[in-house]
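Asker: no sequence for this one, just the structure:
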């Protein structure tokens, strides 16, 4: 019989607080429609059958420092983002990660606030969420504790989905890259999110894991909000029909996805890409 770890803080090692804060998503800094803190699953998932799930920017300004330079993510932004399937596009490739952090509720903006209706996922596929001296079983137990899930059902689901479930018993720091990718995507399908924020490339290989994950993801996310930050145009074209554009302090919704992709093609964040962005500033008055 499988012996599951007891879901308490000592089970997860020194990284439990940081990892838990990441997995909580909008529980950490988000607000629901009434303005009260989201402290539980019940208070966060409010009126989903009455109101259109959304993320609301309220006089929001944010300018974090990245690579030694201040990046303007939002400047006095007032914007309601209704339920939909959005590609996240940025004019500055290095602005995407801090923009995702705001949209997932991982940190509050420097000025104003961002409200959430519905339970928001963590940035799905972000490698930094899986690290340290913990095993895959510990991570499952942590997610189950945070979201009130059945541990046996959750373990069985992960074992069924991933290509080599033997790695689940091993420590995260020793996982091969392929398994880390699969596990990070599969674990995000355990909680019943209302807002899915996918930061990674979507599975696209013609293999068993890709088929199972895409099938379950479509079922889980049907009728829910999706924000995709993939760097593959094929992913964004397949899964999204609109875009959230973050451009030098402005956050807007683009209803024509193709035009938005043409103007703000997804790029990998790198110093070369940043130099290209800065060189383009003089040529684009907007």
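Answerer: Structure's in. What do you need? Because the structure is a prediction, the values reported are computed rather than measured. Numbering: from 1, shown residues only.

Asker: what's the weakest-modelled helix or strand in the protein?
Answerer: helix 41-44 (a mean of 38; mean pLDDT, DSSP states H and E).

Asker: and the next element down the chain from that one?
Answerer: strand 54-62 (DSSP states H and E).

Asker: start and end of stretch 184-199, how far apart?
Answerer: With C-alpha to C-alpha, to the nearest Å as the measure, the ends of stretch 184-199 fall 11 Å from one another.

Asker: i'd like the first residue to be 2 from this point on
Answerer: In the new count, where the first residue is 2, that last one comes out as stretch 185-200.

Asker: now do that stretch, average pLDDT.
Answerer: In this model, stretch 185-200 has a mean pLDDT of 96.

Asker: for it, buried residues please.
Answerer: Of all the residues in stretch 185-200, those buried under the rule 16 or more other C-beta atoms under 10 Å are 185-192, 194-200. For every residue, glycine as well, the C-beta is placed using N, CA and C.

Asker: closest to residue 136 among these?
Answerer: residue 188 (12.7 Å; C-beta to C-beta).

Asker: point out where the stretch 2-151 of the chain drops to low pLDDT.
Answerer: Along the stretch 2-151 of the chain, segments meeting pLDDT under 70 span 2-54.

Asker: if we go to 80?
Answerer: Across the stretch 2-151 of the chain, the ranges flagged by pLDDT under 80 are 2-54, 129-130, 132-133.

Asker: tell me where this structure has strands.
Answerer: 55-63, 66-67, 70-71, 75-83, 86-91, 112-117, 196-199, 226-229, 243-248, 251-255 (DSSP state E).

Asker: tabulate these (TSV), appending distance to residue 168.
Answerer: Formatted as TSV, those follow (distance: least, C-beta to C-beta, whole Å):
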stretch	distance to residue 168
strand 55-63	34
strand 66-67	33
strand 70-71	38
strand 75-83	37
strand 86-91	30
strand 112-117	33
strand 196-199	22
strand 226-229	26
strand 243-248	34
strand 251-255	39
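
Asker: which stretch among those strands comes nearest residue 208?
Answerer: Closest of the strands of the chain to residue 208 is strand 196-199, at 18.7 Å (criterion: C-beta to C-beta).

Asker: now do that closest one: distance to the chain's middle.
Answerer: Strand 196-199 sits 5 Å away from the centroid of its parent chain (C-alpha atoms, centre = their mean, to the nearest Å).

Asker: ok, now stretch 190-210?
Answerer: Taking the mean of its C-alpha atoms, stretch 190-210 sits 10 Å from the chain's own mean (C-alpha atoms, centre = their mean).

Asker: can you give me the end-to-end span of it?
Answerer: Span of stretch 190-210 from end to end, C-alpha to C-alpha: 13 Å.

Asker: then stretch 242-255?
Answerer: Terminal residues of stretch 242-255 lie 9 Å apart, using C-alpha to C-alpha.

Asker: pLDDT score for residue 273?
Answerer: We have a pLDDT of 44 for residue 273.

Asker: helices - which of the buried residues of stretch 185-200 land there?
Answerer: Using DSSP state H, the members of those that fall in helices are 185-188.

Asker: now those as TSV including distance to residue 72?
Answerer: Compiled in TSV, these are given as follows (distance: C-beta to C-beta, whole Å):
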residue	distance to residue 72
185	25
186	27
187	32
188	29
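
Asker: which one of those is nearest to residue 209?
Answerer: The closest of those to residue 209 turns out to be residue 187 (C-beta to C-beta; 12.0 Å).

Asker: how near is that closest one to residue 89?
Answerer: To residue 89, residue 187 is 22 Å away according to C-beta to C-beta, to the nearest Å.

Asker: kindly report the same for residue 263.
Answerer: The value you get for residue 263 to residue 89, if C-beta to C-beta is used, is 16 Å.
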